[in-house]
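In: take a look and give me a structure for this.
(2 chains)
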Amino acid sequence: DAGVIQSPRHEVTEMGQEVTLRCKPISGHNSLFWYRQTMMRGLELLIYFNNNVPIDDSGMPEDRFSAKMPNASFSTLKIQPSEPRDSAVYFCASSFLGMETQYFGPGTRLLVL
Amino acid sequence: DQQVKQNSPSLSVQEGRISILNCDYTNSMFDYFLWYKKYPAEGPTFLISISSIKDKNEDGRFTVFLNKSAKHLSLHIVPSQPGDSAVYFCAASVQAGTALIFGKGTTLSVSS
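Out: Just a heads-up that it's a prediction; the model follows:
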(Lines give C-alpha, C1' and ligand atoms only; values in the text may rest on other atoms or scores of the structure.)
Protein backbone atom coordinates (compact mmCIF):
# COMPACT_ATOMS: atom_id res chain seq x y z
CA ASP A 1 0.00 0.00 0.00
CA ALA A 2 1.23 3.51 -0.78
CA GLY A 3 2.14 5.66 2.15
CA VAL A 4 1.79 9.42 2.36
CA ILE A 5 3.07 11.00 -0.83
CA GLN A 6 4.65 14.43 -0.90
CA SER A 7 5.89 16.51 -3.79
CA PRO A 8 8.27 17.94 -4.61
CA ARG A 9 10.89 16.21 -2.47
CA HIS A 10 13.25 19.15 -2.85
CA GLU A 11 12.54 22.77 -3.71
CA VAL A 12 15.02 25.60 -4.14
CA THR A 13 13.57 29.03 -4.74
CA GLU A 14 14.41 32.66 -4.40
CA MET A 15 13.09 34.97 -1.75
CA GLY A 16 9.76 36.47 -2.75
CA GLN A 17 8.66 33.56 -4.91
CA GLU A 18 5.54 31.52 -4.28
CA VAL A 19 6.07 27.96 -3.12
CA THR A 20 3.45 25.20 -3.21
CA LEU A 21 3.94 21.91 -1.41
CA ARG A 22 1.64 18.98 -2.10
CA CYS A 23 0.47 16.00 -0.12
CA LYS A 24 -1.59 12.90 -0.82
CA PRO A 25 -2.64 11.14 2.38
CA ILE A 26 -3.00 7.41 2.83
CA SER A 27 -6.23 6.25 1.24
CA GLY A 28 -9.01 6.04 3.82
CA HIS A 29 -7.36 8.37 6.28
CA ASN A 30 -9.52 11.38 7.10
CA SER A 31 -7.13 13.47 9.18
CA LEU A 32 -4.19 15.31 7.61
CA PHE A 33 -1.40 17.17 9.37
CA TRP A 34 1.31 19.55 8.16
CA TYR A 35 4.49 19.77 10.27
CA ARG A 36 7.69 21.73 9.82
CA GLN A 37 11.13 20.66 11.05
CA THR A 38 13.89 23.18 11.69
CA MET A 39 17.15 22.89 13.58
CA MET A 40 16.11 25.52 16.08
CA ARG A 41 12.52 24.49 16.82
CA GLY A 42 12.42 20.81 15.88
CA LEU A 43 9.18 19.30 14.56
CA GLU A 44 6.16 21.55 14.98
CA LEU A 45 2.56 21.31 13.82
CA LEU A 46 1.47 23.97 11.35
CA ILE A 47 -2.15 22.97 10.70
CA TYR A 48 -4.39 19.92 10.60
CA PHE A 49 -7.62 18.96 8.88
CA ASN A 50 -10.39 16.53 9.78
CA ASN A 51 -12.61 15.45 6.88
CA ASN A 52 -11.06 18.23 4.74
CA VAL A 53 -11.96 20.93 7.28
CA PRO A 54 -9.17 22.92 9.01
CA ILE A 55 -9.35 22.29 12.74
CA ASP A 56 -6.26 23.92 14.21
CA ASP A 57 -4.10 26.40 12.32
CA SER A 58 -2.50 27.96 15.38
CA GLY A 59 0.92 26.78 14.23
CA MET A 60 0.81 28.62 10.92
CA PRO A 61 3.55 31.22 11.35
CA GLU A 62 1.95 34.14 9.54
CA ASP A 63 -0.36 35.19 6.75
CA ARG A 64 2.21 34.24 4.16
CA PHE A 65 1.31 30.62 4.85
CA SER A 66 -1.94 29.05 3.71
CA ALA A 67 -3.17 25.47 3.47
CA LYS A 68 -6.07 23.89 1.68
CA MET A 69 -7.61 20.47 1.40
CA PRO A 70 -10.04 20.51 -1.52
CA ASN A 71 -10.76 16.80 -1.27
CA ALA A 72 -9.92 13.74 0.80
CA SER A 73 -6.90 12.81 -1.29
CA PHE A 74 -5.06 16.08 -1.73
CA SER A 75 -3.73 18.98 0.30
CA THR A 76 -1.48 21.94 -0.44
CA LEU A 77 0.64 24.19 1.70
CA LYS A 78 1.46 27.48 0.06
CA ILE A 79 3.99 30.12 1.07
CA GLN A 80 3.67 33.49 -0.63
CA PRO A 81 6.00 35.32 -0.60
CA SER A 82 8.71 32.98 0.61
CA GLU A 83 11.55 34.14 2.86
CA PRO A 84 14.92 32.56 3.75
CA ARG A 85 13.66 31.78 7.28
CA ASP A 86 11.04 29.48 5.73
CA SER A 87 13.84 27.08 4.79
CA ALA A 88 13.02 23.81 6.52
CA VAL A 89 11.73 20.29 5.93
CA TYR A 90 7.95 20.19 5.63
CA PHE A 91 6.22 16.93 6.51
CA CYS A 92 2.70 15.84 5.81
CA ALA A 93 1.11 13.12 7.96
CA SER A 94 -2.24 11.37 7.92
CA SER A 95 -4.29 9.23 10.26
CA PHE A 96 -7.73 7.77 10.80
CA LEU A 97 -10.00 10.27 12.52
CA GLY A 98 -9.50 10.22 16.27
CA MET A 99 -6.58 7.78 16.21
CA GLU A 100 -3.31 8.66 17.89
CA THR A 101 -0.92 7.21 15.30
CA GLN A 102 0.05 9.53 12.48
CA TYR A 103 1.89 8.29 9.41
CA PHE A 104 4.39 10.63 7.87
CA GLY A 105 5.43 11.27 4.32
CA PRO A 106 9.07 11.59 3.25
CA GLY A 107 9.02 15.38 3.53
CA THR A 108 9.81 18.30 1.24
CA ARG A 109 13.14 19.98 1.82
CA LEU A 110 12.69 23.68 1.06
CA LEU A 111 15.55 26.09 0.59
CA VAL A 112 14.74 29.76 0.09
CA LEU A 113 17.71 31.79 -1.12
CA ASP B 1 8.76 26.26 26.75
CA GLN B 2 9.37 22.74 25.58
CA GLN B 3 6.57 20.47 26.72
CA VAL B 4 8.42 17.33 25.61
CA LYS B 5 12.12 17.04 26.33
CA GLN B 6 14.71 14.53 25.25
CA ASN B 7 17.73 15.58 27.24
CA SER B 8 20.23 13.22 25.64
CA PRO B 9 21.09 14.32 22.10
CA SER B 10 22.94 11.09 21.43
CA LEU B 11 23.43 7.53 22.68
CA SER B 12 25.95 4.90 21.64
CA VAL B 13 25.34 1.21 22.30
CA GLN B 14 26.96 -2.03 21.25
CA GLU B 15 25.05 -4.53 19.16
CA GLY B 16 23.13 -6.98 21.31
CA ARG B 17 22.96 -4.70 24.33
CA ILE B 18 19.98 -2.74 25.58
CA SER B 19 19.28 0.81 24.35
CA ILE B 20 17.32 3.05 26.70
CA LEU B 21 16.01 6.33 25.35
CA ASN B 22 14.42 8.78 27.75
CA CYS B 23 11.78 11.46 27.48
CA ASP B 24 10.32 13.92 29.99
CA TYR B 25 7.19 15.98 29.66
CA THR B 26 5.63 18.86 31.52
CA ASN B 27 1.97 18.85 30.43
CA SER B 28 -0.10 16.60 32.69
CA MET B 29 -2.92 16.71 30.13
CA PHE B 30 -1.03 14.53 27.66
CA ASP B 31 -3.05 11.39 27.04
CA TYR B 32 -1.00 9.54 24.41
CA PHE B 33 2.71 9.12 23.96
CA LEU B 34 4.43 7.84 20.85
CA TRP B 35 7.93 7.00 19.69
CA TYR B 36 9.04 7.59 16.13
CA LYS B 37 12.23 6.57 14.39
CA LYS B 38 13.75 8.67 11.63
CA TYR B 39 16.43 7.90 9.08
CA PRO B 40 18.13 10.74 7.16
CA ALA B 41 16.08 12.11 4.26
CA GLU B 42 13.02 10.10 5.31
CA GLY B 43 9.92 10.92 7.29
CA PRO B 44 9.44 9.77 10.89
CA THR B 45 8.25 6.15 11.15
CA PHE B 46 5.90 5.13 13.95
CA LEU B 47 7.40 2.63 16.38
CA ILE B 48 5.21 2.21 19.42
CA SER B 49 2.72 4.13 21.53
CA ILE B 50 1.23 4.08 25.00
CA SER B 51 -1.85 5.66 26.49
CA SER B 52 -1.79 7.42 29.84
CA ILE B 53 -3.86 4.67 31.46
CA LYS B 54 -1.07 2.15 30.98
CA ASP B 55 2.46 1.97 32.34
CA LYS B 56 3.98 -0.43 29.83
CA ASN B 57 3.53 -1.46 26.23
CA GLU B 58 5.61 -4.01 24.39
CA ASP B 59 6.05 -4.81 20.72
CA GLY B 60 8.78 -7.25 19.83
CA ARG B 61 12.15 -5.77 20.72
CA PHE B 62 10.58 -2.44 21.71
CA THR B 63 9.06 -1.63 25.09
CA VAL B 64 7.80 1.72 26.27
CA PHE B 65 7.46 2.50 29.96
CA LEU B 66 5.40 5.38 31.31
CA ASN B 67 5.82 6.89 34.78
CA LYS B 68 3.06 9.44 35.11
CA SER B 69 4.03 10.64 38.56
CA ALA B 70 7.50 11.49 37.31
CA LYS B 71 6.21 12.67 33.90
CA HIS B 72 8.75 10.41 32.31
CA LEU B 73 8.74 7.75 29.63
CA SER B 74 11.42 5.58 28.18
CA LEU B 75 11.90 3.35 25.16
CA HIS B 76 13.83 0.13 25.61
CA ILE B 77 15.27 -1.69 22.61
CA VAL B 78 16.48 -5.23 23.32
CA PRO B 79 18.63 -6.49 21.71
CA SER B 80 19.94 -3.47 19.82
CA GLN B 81 20.89 -3.96 16.18
CA PRO B 82 22.97 -1.81 13.81
CA GLY B 83 19.82 -1.14 11.78
CA ASP B 84 18.36 0.59 14.83
CA SER B 85 20.82 3.46 14.33
CA ALA B 86 18.60 6.48 13.69
CA VAL B 87 17.09 9.52 15.37
CA TYR B 88 14.34 8.66 17.85
CA PHE B 89 11.61 11.17 18.62
CA CYS B 90 9.30 11.13 21.57
CA ALA B 91 5.89 12.71 20.91
CA ALA B 92 2.76 13.38 22.94
CA SER B 93 -0.80 14.53 22.40
CA VAL B 94 -3.57 15.68 24.72
CA GLN B 95 -6.13 13.78 22.69
CA ALA B 96 -5.92 11.11 20.03
CA GLY B 97 -6.15 12.66 16.60
CA THR B 98 -4.83 16.06 17.54
CA ALA B 99 -1.42 17.71 17.23
CA LEU B 100 1.64 15.74 18.22
CA ILE B 101 4.16 17.64 20.35
CA PHE B 102 7.66 16.37 19.60
CA GLY B 103 10.89 16.30 21.52
CA LYS B 104 14.10 17.33 19.76
CA GLY B 105 15.20 13.73 19.24
CA THR B 106 17.99 11.41 20.36
CA THR B 107 20.47 10.00 17.85
CA LEU B 108 21.10 6.31 18.56
CA SER B 109 24.24 4.68 17.19
CA VAL B 110 24.51 0.90 17.46
CA SER B 111 27.94 -0.46 16.70
CA SER B 112 28.66 -4.03 15.66
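In: and the residue positioned nearest the centre of chain A, helix, strand or coil?
Out: The residue lying closest to the centre of chain A (CA atoms, centre = their mean) is A:Trp34, at 3.4 Å. Under DSSP: H, G, I helix; E, B strand; the rest coil, A:Trp34 falls in the strand class.
In: that one pairs with what?
Out: The partner list for A:Trp34 in beta bridges (DSSP bridges) reads A:Ile47, A:Cys92.
In: measure it to B:Ala96 for me?
Out: Distance, A:Trp34 to B:Ala96, using CB to CB, to the nearest Å: 19 Å. Placement of C-beta: from N, CA and C, glycine included.
In: quick one: the strands in chain B, in order.
Out: Using DSSP state E, the strands of chain B run over residues B:4-5, B:10-14, B:19-25, B:32-38, B:45-51, B:56-59, B:62-67, B:72-77, B:86-93, B:101-102, B:106-111.
In: please apply the same query to chain A.
Out: Residue ranges of the strands in chain A, as given by DSSP E, are A:5-7, A:10-13, A:19-24, A:31-38, A:42-50, A:53-56, A:65-71, A:74-79, A:88-95, A:103-104, A:108-112.
In: columns mean pLDDT and distance to B:Gly16 on top of the ones you listed, output as JSON lines?
Out: Below are those laid out as JSON lines (pLDDT from 0 to 100; distance: least, CB to CB, whole Å):
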{"stretch": "strand A:5-7", "mean pLDDT": "98", "distance to B:Gly16": "36"}
{"stretch": "strand A:10-13", "mean pLDDT": "98", "distance to B:Gly16": "38"}
{"stretch": "strand A:19-24", "mean pLDDT": "98", "distance to B:Gly16": "39"}
{"stretch": "strand A:31-38", "mean pLDDT": "98", "distance to B:Gly16": "32"}
{"stretch": "strand A:42-50", "mean pLDDT": "97", "distance to B:Gly16": "31"}
{"stretch": "strand A:53-56", "mean pLDDT": "96", "distance to B:Gly16": "43"}
{"stretch": "strand A:65-71", "mean pLDDT": "97", "distance to B:Gly16": "45"}
{"stretch": "strand A:74-79", "mean pLDDT": "98", "distance to B:Gly16": "43"}
{"stretch": "strand A:88-95", "mean pLDDT": "98", "distance to B:Gly16": "33"}
{"stretch": "strand A:103-104", "mean pLDDT": "98", "distance to B:Gly16": "30"}
{"stretch": "strand A:108-112", "mean pLDDT": "98", "distance to B:Gly16": "35"}
